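Student: sequence plus the predicted model coming up.
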Amino acid sequence: MKKFKQINRQRKNRAFRVSNAVKRNSTRPRLCVFRSNANVYAQIIDDNQGKTLASASTRDKSVRTEITNGGNCAAAEKIGELLAKKALEAGIKQVAFDRHGFKYHGRIKALAEAARKVGLDIGAAGQQKDPAKETKSKKADTSGKKPKASKDDKIAAKANAGKSASKKK
């Protein structure tokens, strides 16, 4: 039970971080997603006005007739398509995706990709690495400091010196 509490606490912290970053850095309405074991819920929220502009879930009667199980990827795709259609009818073309702490795979990914197919712009599918940051980390450090030797290098140095290498790694 302790492990599940820890996992839930981590998800809530991640949700807080992700939601606040989306609210802080975006002027677009927010597409907020929640998933339970049995259902998937999604809504588009305008944080400036504090209003929900469009919503869809697997608990809606119109959707319930089309799907048998509300907690799988097929149901999430239906919700993504339905929500995107509602948003486009309301004149919303761009939204910021708030995955609410859930990892971007499975049902969350299915919902996002289905919304993209219909024509809703929710941003890039994945985080692209910045080439400028990669080159900075790959450059040699010219500060004049001697680089630290790794554990394997230390063990090899002891072996070469005739001393017995420690068995701990």
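Tutor: Thanks, I have the structure now.
Student: do you know the pLDDT at the residue lying closest to residue 41 once chain neighbours are set aside?
Tutor: Excluding the flanking residues, the one nearest residue 41 by Cβ to Cβ, 6 or more residues apart in numbering is residue 57, at 4.2 Å. Yep, even glycine has a C-beta here, placed from its N, CA and C like the rest. Among the per-residue scores, residue 57 holds a pLDDT of 95.
Student: residues in contact with the residue nearest to residue 118 when sequence neighbours are not counted?
Tutor: Among residues not flanking residue 118 along the chain, residue 84 sits closest, at 3.7 Å (Cβ to Cβ, 6+ apart). Residues counted as contacts of residue 84 (Cβ atoms under 8 Å, 6 or more residues apart in numbering) are 114-120.
Student: again, only using 6 Å
Tutor: When contacts are counted by Cβ atoms under 6 Å, 6 or more residues apart in numbering, residue 84 touches 115, 118, 120.
Student: one step back: was I right to think the residue nearest to residue 41 contacts residue 38?
Tutor: No. Between residue 57 and residue 38 there is no contact under Cβ atoms under 6 Å: 10.9 Å.
Student: in this protein, where is pLDDT below threshold?
Tutor: 124-149, 151, 154, 162-169 (pLDDT under 70).
Student: helices along that one, start to end?
Tutor: 2-25, 61-64, 73-89, 107-118, 131-138, 151-160 (DSSP state H).
Student: okay, these in JSON lines with distance to residue 44 next?
Tutor: Shown next, in JSON lines, are the helices of the chain (distance: least, Cβ to Cβ, whole Å):
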{"stretch": "helix 2-25", "distance to residue 44": "12"}
{"stretch": "helix 61-64", "distance to residue 44": "16"}
{"stretch": "helix 73-89", "distance to residue 44": "6"}
{"stretch": "helix 107-118", "distance to residue 44": "10"}
{"stretch": "helix 131-138", "distance to residue 44": "32"}
{"stretch": "helix 151-160", "distance to residue 44": "51"}
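Student: quick one: closest of these to residue 96.
Tutor: Taking Cβ to Cβ, helix 2-25 is the member of those nearest to residue 96, at 4.9 Å.
Student: who does the closest one touch, helix- and strand-wise?
Tutor: Judged by 3 or more Cβ pairs under 6 Å, 6 or more residues apart in numbering; DSSP states H and E, helix 2-25 is in contact with strand 96-98.
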